[in-house]
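>>> from the sequence below, what's the structure:
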Amino acid sequence: PFGGGGFGGQQQAPNLDIETNVTIPFVVSILGGSHSVTVQGDRFDIKIPAGVKSGEKMRVKGKGHAQSGRVGDLFLKITVSASPDYIREDNDIVKNFDVPLSAALFGDKITIETLEKEIKLKVPQNTKNGQRFRVKEMGAMNRKTKVRGDLYLKANVVLPPVDELDEDLIALMKEKLPNN
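All right, here's what the predicted structure looks like:
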């Protein structure tokens, strides 16, 4: 009496979305920026927000499959490539920097290249190996709170080669340096 329920003519719309993985440079994950992506032979730039982490997904509207006037979206699963210089800890980033022995003992200003700019760090006397110095708000952006993390600079005290030291200094150090 009702003609078979009336379900015959409907088809489920095909899924036009595309999911793919993309690897972005560490510096782009921290500062944000543009990154080039190629999907199905189509190359285009995407805007990466500052503070993005590995495992996050991003949606790019209108870059999926196209069919009968409809276009799906592109979903990108983000992987952040490792940095040789930085380690990310939540929204903070950590970088090791070399401190000459004289600067560690007597204090000095040391020039350090960060992701954004060159900074001068005042290293106090008696700086220990592994000591961390905090540079406020030079870390990664927290995308929920919009507050930036900090940059921690970790001192790596570099000893001078003994054979390059003055003989009198070596003798004096052998005599005067504490053995504990």
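
>>> rest of the way, CA atoms for contacts and neighbours
Will do.

>>> quick check: longest helix of the chain.
Longest helix of the chain, by residue count under DSSP state H: helix 167-176.

>>> what pLDDT, on average, does that helix get?
Per-residue pLDDT over helix 167-176 has a mean of 90.

>>> check contacts around the residue most central in space within the chain.
Centre of the chain computed as the mean C-alpha position; nearest residue by C-alpha atoms, centre = their mean is residue 26, 3.8 Å away. Residues near residue 26 by C-alpha atoms under 8 Å, 6 or more residues apart in numbering: 80-83.

>>> with pLDDT and secondary structure added, can I get these in TSV?
Compiled in TSV, the contacts of residue 26 are given as follows (pLDDT from 0 to 100; DSSP: H, G, I helix; E, B strand; the rest coil):
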residue	pLDDT	secondary structure
80	96	strand
81	97	coil
82	96	coil
83	96	coil
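
>>> generate a PyMOL selection restricted to the buried subset of the residues you listed.
Buried residues within the contacts of residue 26, by 16 or more other C-alpha atoms under 10 Å, are selected in PyMOL with:
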select buried, resi 80
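
>>> closest one to residue 95 out of the contacts of residue 26, please.
Residue 95 has its nearest neighbour among those in residue 83, at 9.9 Å by C-alpha to C-alpha.

>>> confidence score at the residue nearest to the closest one when sequence neighbours are not counted?
Using C-alpha to C-alpha, 6 or more residues apart in numbering and skipping the chain neighbours, the partner closest in space to residue 83 is residue 26 (5.9 Å). Looking at residue 26, its pLDDT is 97.

>>> from residue 35, how far out is residue 26?
12 Å (C-alpha to C-alpha, to the nearest Å).

>>> state the distance from residue 99 to residue 126.
From residue 99 to residue 126 the distance is 11 Å (C-alpha to C-alpha).

>>> those two - which one has more neighbours?
residue 99 (23 against 13; other C-alpha atoms under 10 Å).

>>> report whether that one is found in a strand, as I expect.
Yes - according to DSSP: H, G, I helix; E, B strand; the rest coil, residue 99 belongs to a strand.

>>> who's it bridged to?
residue 157 (DSSP bridges).

>>> surely it touches residue 156?
Yes - between residue 99 and residue 156 there is a contact under C-alpha atoms under 8 Å: 5.7 Å.

>>> hang on, the earlier thing: phi, psi of the residue nearest to residue 83?
When quoted as degrees, to the nearest 10, the phi and psi of residue 26 stand at phi -50, psi -50.

>>> what's the offset of stretch 134-146 from the middle of its chain?
Centre-to-centre, stretch 134-146 and its host chain are 12 Å apart (C-alpha atoms, centre = their mean, to the nearest Å).

>>> and it, how far apart are its ends?
Span of stretch 134-146 from end to end, C-alpha to C-alpha: 19 Å.
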